[in-house]
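Visitor: Return atomic coordinates for the entry below.
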Amino acid sequence: MNVLLLGGTGVISRQIVSQLLLAGHEVVIFNRGSRKLPFAGDVEWITGDKSDAQRFEASMSKRTFDVVIDMISFNEADARSTVNTFNHRAGQLIMCSSIAAYKRPYKTNPIKEDAEELFDNPEFAYAYEKAEMERYLQRITGEQQLPVTIIRPSLTYGIGGSNLGVLRQNYNIVQRIRQGKPLVMFGDGTTPWAFTFAPDLAKAFVGAVGNTRTYNKAYHATHENVHIWNDLYVEFGSIIGIEPQIVHIPSELLAKANLGLFAHLVFEKSYSGLFDNSLIKSDIPGFEATISLNEGLRMMLDWYESEANTVDADKDLLEDRLTELYFEWSRQMEAFQV
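Guide: Just a heads-up that it's a prediction; the model follows:
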C-alpha cells in the first residue's frame, strides 16, 4: 500500500517506517525536515509544517494515499486539519492518541477500552487535549468518508527517546547508578506497570494498515508483562552490575517542586498501568509485545553508550537537591520519634 506517515522520525515513528518497508509498503514521510534518518529502503520525503493548516492542505491537494498515519496530532485542531485534508484523498486514517486520554481512576484493571471514559480535567493539558482529539474523531465517525483507527500507546521507550525515568533523566540514570548517587522514585515504587518498547508498539500501527476490522475503532497497545515502577531502576542496576540506591518521594511533593516535569506522575503514572490487549489482538492477530524489560533496557543502554551519553546537568542537580531534601526529612523524622 501507499502509506503517508505524518512525523516519521520520532521514537515510535521510525520503527513504524522500518516495519512498513519490511512489509513491502511504499512509504512517504511528511515532517519539517530537521533530520532524515537512514532507512533500509526507499522513502519519499516531503518537507512542510503541518501546523500551517492551509498550506498543509494545499501541499496535499494533488496527492492520494491508501493510508495516512498521523503521529503528530495532539489536539482537536490538529486532528481536524488532518481529517479535512485527507477525507477524500485517503482510504484510511490511523491516529496516534495515548492512554493518557483515559479518565482516572480507571473502572477496570487490567484496563479495557469499552469500560473507560475519556479524560476531562484541563489541568493536565496533554491528556485533556488528546481526549478532546478523540471526542472530535468519535463525533465525525460516520459523517466522513474516511474511516479512522485510533491507537493509544502507553509510556513507550525506544532509541531516540528522551522520556526514560521519573525525571526523564535518560542517560543520567546510568551515570547516577555508576556513581553511587541515589535515584528518585515517585510514591513507594510499587505501582503496577507494563513497560513497552517502540519496536513492539509499531506492530500495532503496521497491523492496522488497510485492516478493515480496525476501521472506526480505538485500541490501546501495550506490553502485558507485569512490573512495578521500582523495577525500572532495579533492572538497569542489574544490567550494569551495581545495585541502585532508590529514594521514594510522594508524587504530590514532586509536583510542588516542578509541576511541569512531574504532573504526569500525579495525573497518570500514580495509577496502574496494566492493560487488557484482547481487543487489538483479536483485530490485529500479529500484535504481540515480546520485548522484555531487560531486553529493552539493554537496547537503551547500548544506544546511550554509543550515541546519547550526555549528562543533563540541570536534571542531575535537581535530583541531587531532591534526594538531599529526602535525607534531611528522614533525619528530622527519626529525631521526631517519641
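Visitor: Go through the longest helix seen in the chain and flag the buried ones.
Guide: In the chain, with assignment by DSSP state H, the single longest helix is helix 313-336. Residues 315, 316, 318, 319, 322, 323, 326 are the ones in helix 313-336 that count as buried (16 or more other C-beta atoms under 10 Å). For the C-beta atoms, the positions are set from N, CA and C on the backbone; glycine is no exception.
Visitor: you'd agree the fifth one is up against residue 183?
Guide: No: counting by C-beta atoms under 8 Å, no contact exists between residue 322 and residue 183, whose distance comes to 9.9 Å.
Visitor: my guess is residue 30 meets residue 3, correct?
Guide: No: using C-beta under 8 Å, residue 30 is not in contact with residue 3, being 11.3 Å away.
Visitor: the strands in this structure, which residues?
Guide: 2-6, 26-31, 43-47, 67-70, 93-96, 148-153, 156-157, 183-186, 192-193, 196-197, 217-221, 227-228, 246-249 (DSSP state E).
Visitor: can you put those strands in TSV and add mean neighbour count, mean pLDDT and distance to residue 37?
Guide: Compiled in TSV, those are given as follows (neighbours: other C-beta atoms under 10 Å; pLDDT from 0 to 100; distance: least, C-beta to C-beta, whole Å):
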stretch	mean neighbour count	mean pLDDT	distance to residue 37
strand 2-6	24	98	12
strand 26-31	21	96	9
strand 43-47	14	94	9
strand 67-70	25	98	16
strand 93-96	26	98	18
strand 148-153	24	98	20
strand 156-157	24	98	18
strand 183-186	23	98	31
strand 192-193	19	98	29
strand 196-197	26	98	18
strand 217-221	23	98	22
strand 227-228	17	98	30
strand 246-249	18	98	35
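Visitor: in stretch 83-100, what's buried?
Guide: Those would be 83, 85-86, 89-100, for stretch 83-100 by 16+ other C-beta under 10 Å.
Visitor: Just the terminal-to-terminal distance for stretch 109-116.
Guide: One end of stretch 109-116 to the other measures 10 Å (C-alpha to C-alpha, to the nearest Å).
Visitor: mean confidence score for it?
Guide: Averaging pLDDT along stretch 109-116 yields 97.
Visitor: For that stretch, which outside residues touch it?
Guide: 99, 102-103, 106-108, 218-220, 224, 272, 274-276, 278-279 (C-beta atoms under 8 Å, 6 or more residues apart in numbering).
Visitor: Give me the buried entries from those.
Guide: For the contacts of stretch 109-116, a burial check counting by 16+ other C-beta under 10 Å picks out 99, 102, 106, 218, 219, 220, 272, 274, 275, 276, 279.
Visitor: quick one: low-confidence ranges for the protein?
Guide: Along the chain, the model assigns pLDDT under 70 to residues 338.
Visitor: again, 80 this time
Guide: Scanning the chain for pLDDT under 80 picks out 34-35, 142-145, 337-338.
Visitor: show me where it has helices.
Guide: According to DSSP H, the helices that the chain contains are 11-22, 53-59, 76-86, 125-140, 171-179, 198-208, 230-240, 251-257, 259-264, 278-283, 293-306, 313-336.
Visitor: which outside residues touch stretch 248-255?
Guide: 166, 184-189, 261-263, 265-266, 269-270, 322, 326.
Visitor: Closest to residue 203 out of these?
Guide: Lowest distance from residue 203 to the contacts of stretch 248-255 (C-beta to C-beta) belongs to residue 269, with 24.1 Å.
Visitor: which residues touch the closest one?
Guide: Counted by C-beta under 8 Å, 6+ apart, residue 269 has contacts 155, 186, 191, 193, 229, 251.
Visitor: what does residue 271 give?
Guide: 104, 105, 106, 191.
Visitor: can you check residue 192 too?
Guide: Contacts for residue 192 (C-beta under 8 Å, 6+ apart) come out as 226, 227, 228, 272, 273, 274.
Visitor: what's the longest helix of the chain packed up against?
Guide: Counting contacts by 3 or more C-beta pairs under 8 Å, 6 or more residues apart in numbering; DSSP states H and E, helix 313-336 packs against helix 171-179, strand 183-186, strand 246-249, helix 251-257.
Visitor: Now it - C-alpha only, PDB.
Guide: Extracted in PDB, the C-alpha atoms of helix 313-336 (Å, rounded to 0.1, in the frame of the first residue of the first chain):
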ATOM      1  CA  ALA A 313      23.400  18.700  34.300                       C
ATOM      2  CA  ASP A 314      20.200  20.600  35.300                       C
ATOM      3  CA  LYS A 315      18.300  17.400  36.000                       C
ATOM      4  CA  ASP A 316      21.300  15.900  37.800                       C
ATOM      5  CA  LEU A 317      21.400  18.900  40.100                       C
ATOM      6  CA  LEU A 318      17.600  18.700  40.600                       C
ATOM      7  CA  GLU A 319      17.800  15.100  41.500                       C
ATOM      8  CA  ASP A 320      20.700  15.800  43.900                       C
ATOM      9  CA  ARG A 321      18.600  18.500  45.600                       C
ATOM     10  CA  LEU A 322      15.500  16.300  45.800                       C
ATOM     11  CA  THR A 323      17.500  13.400  47.400                       C
ATOM     12  CA  GLU A 324      19.200  15.800  49.800                       C
ATOM     13  CA  LEU A 325      15.700  17.000  50.900                       C
ATOM     14  CA  TYR A 326      14.600  13.400  51.300                       C
ATOM     15  CA  PHE A 327      17.500  12.500  53.600                       C
ATOM     16  CA  GLU A 328      17.100  15.700  55.600                       C
ATOM     17  CA  TRP A 329      13.500  15.000  56.100                       C
ATOM     18  CA  SER A 330      14.300  11.400  57.100                       C
ATOM     19  CA  ARG A 331      16.800  12.600  59.700                       C
ATOM     20  CA  GLN A 332      14.100  15.000  61.100                       C
ATOM     21  CA  MET A 333      11.500  12.300  61.300                       C
ATOM     22  CA  GLU A 334      14.000  10.000  63.100                       C
ATOM     23  CA  ALA A 335      14.600  12.800  65.600                       C
ATOM     24  CA  PHE A 336      10.900  13.300  66.000                       C
END
